[in-house]
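K.L.:
next input, structure requested:
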Amino acid sequence: MKYLIMEDFSGQPVPFIFPRRVDHADMRDQLPYGQVISAGVVEHGPEGFVCHGGNTELNVKARPEEDAAIITEALRVR
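P.N.:
The predicted structure follows:
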């Protein structure tokens with residue numbers, strides 16, 4: 001899956017996860033938030049989420065550890 005980490009209106013990071021066939025820039029155009037913080041590909045393995053890559057069109061890269069922590073927290077069972 002691909003992902004974007006966006007900054008919401010309160011300044012908090014919000015992850016968006018979507019299929020690989022969707023372009024990062026196309027997904028960004030659909031979101032109401034302002035700044036793209038990071039982007040890449042996310043995979044789930046035995047030790048949790050692994051983030052890597054980036055998007056040259058949006059001029060952002062994955063932040064492997066930080067992005068994985070944001071996605072993990074967003075998907076945590078509450």
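
K.L.:
only C-alpha atoms for contact and neighbour calcs from this point on.
P.N.:
Fine.

K.L.:
count the residues that sit near Phe16.
P.N.:
Residues within reach of Phe16, counting by other Cα atoms under 10 Å, total 16.

K.L.:
no wait, Ala68
P.N.:
Neighbours of Ala68 (other Cα under 10 Å): 21.

K.L.:
what sits against the closest residue to Gly53 other than its chain neighbours?
P.N.:
Closest residue to Gly53 apart from its sequence neighbours, by Cα to Cα, 6 or more residues apart in numbering: Gly40 at 4.6 Å. Counting by Cα atoms under 8 Å, 6 or more residues apart in numbering, Gly40 touches Lys2, Tyr3, Leu4, Cys51, His52, Gly53, Gly54, Asn55, Lys61, Ala62.

K.L.:
how about the second one, secondary structure?
P.N.:
If I follow you right, that is Tyr3. Here Tyr3 is recorded as strand under DSSP: H, G, I helix; E, B strand; the rest coil.
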